[in-house]
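Enquirer: quick check, what structure comes out for this input:
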Amino acid sequence: MAKQEKELIVKTKNKVGALAEITKVLAKAKVNLKALNAYEQGDQAIFYLVPNNIMVATQKLKELGCEVTEEDVVATEIADRVGALAEVANKLATAGVDIKHIYVTASGKEALVVIATKDNAKALEVLA
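Expert: Okay, here's the model as predicted:
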């Protein structure tokens with residue numbers, strides 16, 4: 001079942017240990033990460049995080065000196081099997097939902113799909 005979640009987009013200086021700093025600060029604050037995607041863009045490290053406590057995560061990351069913005073996303077659990085993501089992608093494409101970004105984290109028999117779209121309400125309806 002799909003549900004709306006909040007995602008943090010975190011920007012910081014791209015350096016060795018950036019991931020360690022961010023995850024250490026969040027762990028000390030008892031913030032659990034449901035999903036994470038990270039990449040470099042020039043001299044910046046960019047993290048997409050879905051934390052269990054958006055307010056605490058935002059506060060701690062800003063205290064660390066990170067630029068933090070919040071975005072609504074759709075999260076859905078799917079079976080961790082061949083073709084499961086293709087089914088989700090096909091449903092969204094058929095409904096005309098434009099995907100801005102997507103990332104998946106899998107563990108065991110299930111995978112969590114995090115999707116930012118240009119119409120999250122429609123994505124939620126399609127994936128219900």
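Enquirer: how near is Ala93 to Ala84?
Expert: Using CB to CB, to the nearest Å, Ala93 is found at 15 Å from Ala84. Where you see a C-beta, it was placed from the backbone N, CA and C, and this is true even at glycine.
Enquirer: from the rest of the structure, what touches the helix or strand of the chain with the lowest mean pLDDT?
Expert: Sorting the helices and strands of the chain by mean pLDDT, DSSP states H and E puts strand 99-107 at the bottom, at a mean of 93. Where contact means CB atoms under 8 Å, 6 or more residues apart in numbering, the residues beyond strand 99-107 that reach it are 34-37, 48, 80, 85, 89, 92, 111-118.
Enquirer: show me how this protein divides into domains.
Expert: Using automatic domain parsing, the domains assigned to the chain come out as 7-70, 73-127.
Enquirer: can you get me a residue count around Ala128?
Expert: The criterion is other CB atoms under 10 Å. On that basis, Ala128 has 9 neighbouring residues.
Enquirer: need the pLDDT of it.
Expert: Looking at Ala128, its pLDDT stands at 91.
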